[in-house]
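Participant: next input, structure requested:
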Amino acid sequence: MKDYSLHAIIVCTLVIVFLVIVSLLPDYSTSFFSYKRSDILSDIRMKQKLKKPDANKQITVDTLTTDSNAIKKSKAGVILPKGLVEIEDYSQDSLYLQPVYQKLNSLSSLNQPFRIAFLGDSFTECEIMTGDIREMLQEKFGGGGGGLVPLKIESAGVSPLAEVSQNSIESYSVVSKPGSYAFQCISGKYFIGRNNSEFSIRCNKFKAKAANAAFARLLFRPLHAVDITYSKDKMSWDTVHYESDPSLKMLQIDGNVNNLTFKLQQTDSIILYGVAYDNPNGVILDNLSLRSNSGLSLSSLPNSTLNEFNQQRPYDLVIIQYGLNAFNTTGNYEGYKKGMVRAINHLKSALPNARFVLFSIGDKGEMRDGEIVTNHLVPEFIQAQKEIARQSGICFWNMFEAMGGDGTIARWAQAEKPMAAKDYTHIAPAGGRIIAKQFVSSFLFEQKKYQ
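Facilitator: Below is the predicted model of the structure:
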């Protein structure tokens with residue numbers, strides 16, 4: 001028998017050499033692209049060059065630079081409750097969220113929904129945090145339904161919100177497979193269906209309000225003529241014909257819409273965005289999470305598509321939660337700051353009636369002296385995010401502080417009932433509920449300032 005041991009040694013050597021070379025490449029960031037250095041010894045490397053932090057000093061919002069304008073309203077007489085993390089307002093008049101609370105206060109008489117877009121990365125996959133925020137706000141202000149559900153769910157096609165199955169549907173995203181940017185929407189995803197394509201969405205009842213939609217709307221562009229056949233029970237079917245038209249369309253289906261099936265017939269291709277589960281009033285929250293997204297791609301979304309969505313599915317509040325995929329080991333975030341300011345201003349221009357809140361990253365761990373502690377660059381990155389909010393003239397909420405500050409991710413991950421993953425970066429559903437409660441408390445406290 002031929003001895004292949006030498007081949008194995010050569011392959012292993014080449015792999016090691018490649019990894020060493022990659023580990024020597026520096027972090028690199030531009031306004032459109034971020035590369036994070038890979039360190040194969042990161043879990044055992046001693047960070048001897050770091051100044052050891054004071055064990056008695058906590059990394060909190062007080063250790064970060066805060067613009068005095070951001071706390072003007074609190075100083076005007078509204079007392080911030082202990083433990084609450086304030087939403088910092090970096091607009092010129094510090095009344096940035098006034099239209100938000102004016103509409104919420106009038107929802108019962110307006111007969112229209114208050115719609116929230118939650119733009120995030122893998123931190124909010126599987127409805128972590130966002131599902132709880134939606135449920136709490138719908139409990140407070142009314143409404144129901146789980147918002148926009150894409151035709152592909154990153155987590156093996158299953159989430160607590162809905163299960164999606166499909167046949168002959170092509171998926172595109174700004175992160176992995178952009179396709180044509182002309183079709184990209186605010187979610188950063190679109191899909192192409194062809195003749196005889198089929199897809200089904202079954203809503204799960206993990207949250208009572210989310211499973212209580214009054215109707216569902218299929219969002220699509222009939223690039224070619226198409227017959228869309230749908231069923232709510234796979235027994236009786238209805239068909240709607242659309243002529244070729246590249247503009248955004250919505251097919252509304254009323255009644256019990258928790259188990260829908262769609263078939264595309266007599267067509268070449270159409271663009272699909274997903275199915276929105278909504279109510280005519282109350283709060284709607286679209287969880288538009290996209291794994292590996294740094295947020296920089298928002299500036300490449302076409303104005304024409306954003307404007308169409310703003311006409312047919314306008315947002316009142318846009319929450320932006322990115323950062324994990326731009327965090328690097330150099331501490332140089334100038335390119336990221338410029339890119340995110342450009343991206344946010346692009347969205348503000350396309351969605352003129354929306355208000356924006358930027359979340360900081362949460363706690364992120366690193367190995368130091370044999371223990372998992374808060375990464376030494378977390379405060380610096382959060383400061384960069386504050387500067388993004390300040391330059392954009394929007395609001396900022398410190399999620400790191402809301403989690404509990406220094407060392408939280410290690411405590412959560414190592415708890416008897418874990419509230420975070422052992423990558424010491426992502427949170428578990430239990431941790432998401434804690435952050436959701438903190439944000440909703442901050443959001444409702446902010447409302448008092450405008451009353």
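Participant: which one is the residue minimising distance to the centre of the chain nearest to, not counting chain neighbours?
Facilitator: By CA atoms, centre = their mean, the chain has its centre lying nearest to G120, at 1.6 Å. Once flanking residues are discounted, G120 sits nearest to Q321: 3.9 Å by CB to CB, 6 or more residues apart in numbering. Any C-beta I mention is one placed from the backbone N, CA and C, and that applies to glycine too.
Participant: the residue nearest to the centre of the chain and L444, how far apart?
Facilitator: 21 Å (CB to CB, to the nearest Å).
Participant: quick one on the thing from earlier: surely the residue nearest to G120 is in contact with F359?
Facilitator: Yes: contact criterion CB atoms under 8 Å: Q321 and F359 qualify, at 4.2 Å.
Participant: who touches both of the two?
Facilitator: Common contacts of Q321 and F359, defined by CB atoms under 8 Å, 6 or more residues apart in numbering, comprise M399.
Participant: for these two, indicate the residue with more neighbours.
Facilitator: Using other CB atoms under 10 Å as the criterion, Q321 and F359 rank with F359 on top: 27 against 23.
Participant: what residues are bridge-paired with the more buried one?
Facilitator: W397 (DSSP bridges).
Participant: residue contacts, it?
Facilitator: By CB under 8 Å, 6+ apart, the contact set of F359 is 319-321, 397, 399.
Participant: quick check: the gap between it and A384.
Facilitator: F359 is 13 Å from A384, by CB to CB.
Participant: go on, C126?
Facilitator: 28 Å.
Participant: got the buried residues for stretch 84-95?
Facilitator: Of all the residues in stretch 84-95, those buried under the rule 16 or more other CB atoms under 10 Å are 85-91, 94.
Participant: quick check: the farthest pair among the residues you listed?
Facilitator: Taking CB to CB, the two most distant members of the buried residues of stretch 84-95 are V85 and S91; they sit 18.5 Å apart.
Participant: quick one: secondary structure of the closest residue to Y450 other than its chain neighbours?
Facilitator: Of all residues not flanking Y450 in the chain, Y101 sits nearest, at 4.5 Å (CB to CB, 6+ apart). Secondary structure state of Y101, per DSSP: H, G, I helix; E, B strand; the rest coil, is helix.
Participant: any weak-confidence spans in the stretch 101-250 of the chain?
Facilitator: 155-158, 206, 208 (pLDDT under 70).
Participant: try 50
Facilitator: 156-157 (pLDDT under 50).
Participant: K449 - how many residues pack around it?
Facilitator: A count of nearby residues for K449, using other CB under 10 Å, gives 19.
Participant: model confidence for it, exactly?
Facilitator: Model confidence at K449, expressed as pLDDT, equals 83.
Participant: look up how far D268 lies from it.
Facilitator: 54 Å.
Participant: ok, longest strand in the chain?
Facilitator: For the chain, the longest strand by residue count, based on DSSP state E, is strand 189-203.
Participant: what are the buried residues along that strand?
Facilitator: By 16+ other CB under 10 Å, the buried positions in strand 189-203 come out as 189-193, 195, 197-201, 203.
Participant: next one: stretch 99-111
Facilitator: 100-101, 103-104, 107.
Participant: what sits up against that stretch?
Facilitator: With CB under 8 Å, 6+ apart as the criterion, stretch 99-111 contacts 114, 141-142, 280-282, 316-317, 353, 355, 446-447, 450-451.
Participant: all helices for the protein, in order.
Facilitator: Assigned by DSSP state H, the chain shows helices spanning 5-24, 72-75, 98-105, 107-110, 130-141, 303-312, 334-350, 378-392, 399-403, 408-413, 429-448.
Participant: which helices and strands does the fifth one pack with?
Facilitator: Contacts defined by 3 or more CB pairs under 8 Å, 6 or more residues apart in numbering; DSSP states H and E place helix 130-141 against strand 113-120, strand 282-289, helix 429-448.
Participant: hmm, 6 Å instead?
Facilitator: strand 282-289, helix 429-448 (3 or more CB pairs under 6 Å, 6 or more residues apart in numbering; DSSP states H and E).
Participant: mind putting the ones you listed in a markdown table, mean neighbour count and distance to T261 included?
Facilitator: Listed next are the helices and strands packed on helix 130-141 as a markdown table, based on neighbours: other CB atoms under 10 Å; distance: least, CB to CB, whole Å:
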| stretch | mean neighbour count | distance to T261 |
| --- | --- | --- |
| strand 282-289 | 26 | 22 |
| helix 429-448 | 18 | 29 |
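Participant: now these as JSON lines including distance to V275?
Facilitator: Converted to JSON lines, these look like this (distance: least, CB to CB, whole Å):
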{"stretch": "strand 282-289", "distance to V275": "11"}
{"stretch": "helix 429-448", "distance to V275": "24"}
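Participant: pairing partners for D227 in the sheet, please.
Facilitator: Residues in beta-bridge contact with D227 (DSSP bridges): H241, Q265.
Participant: number of residues surrounding D369?
Facilitator: 10.
Participant: residues in contact with it?
Facilitator: Listed by CB atoms under 6 Å, 6 or more residues apart in numbering, D369 has no contact partners.
Participant: F220 contacts L272, correct?
Facilitator: Yes: contact criterion CB atoms under 6 Å: F220 and L272 qualify, at 4.9 Å.
Participant: gap between the residue nearest to the centre of the chain and L285?
Facilitator: Distance of G120 to L285, given as CB to CB: 12 Å.
Participant: I'd like the distance between R194 and T374.
Facilitator: Counting by CB to CB, the separation of R194 from T374 is 49 Å.
Participant: please apply the same query to Y333.
Facilitator: From Y333 to T374 the distance is 17 Å (CB to CB).
Participant: bridging residues for the closest residue to L272 other than its chain neighbours?
Facilitator: Excluding its sequence neighbours, the residue lying closest to L272 (CB to CB, 6+ apart) is F191, at 4.2 Å. Here F191 sits in beta bridges with S171, L272, going by DSSP bridges.
Participant: F191: what's it in contact with?
Facilitator: Contacts for F191 (CB under 6 Å, 6+ apart) come out as 151, 169, 171, 272.
Participant: same question, S159
Facilitator: 126-127, 153.
Participant: among the residues you listed, who's most crowded?
Facilitator: Busiest of these [other CB under 10 Å] is E127, holding 26 neighbours.
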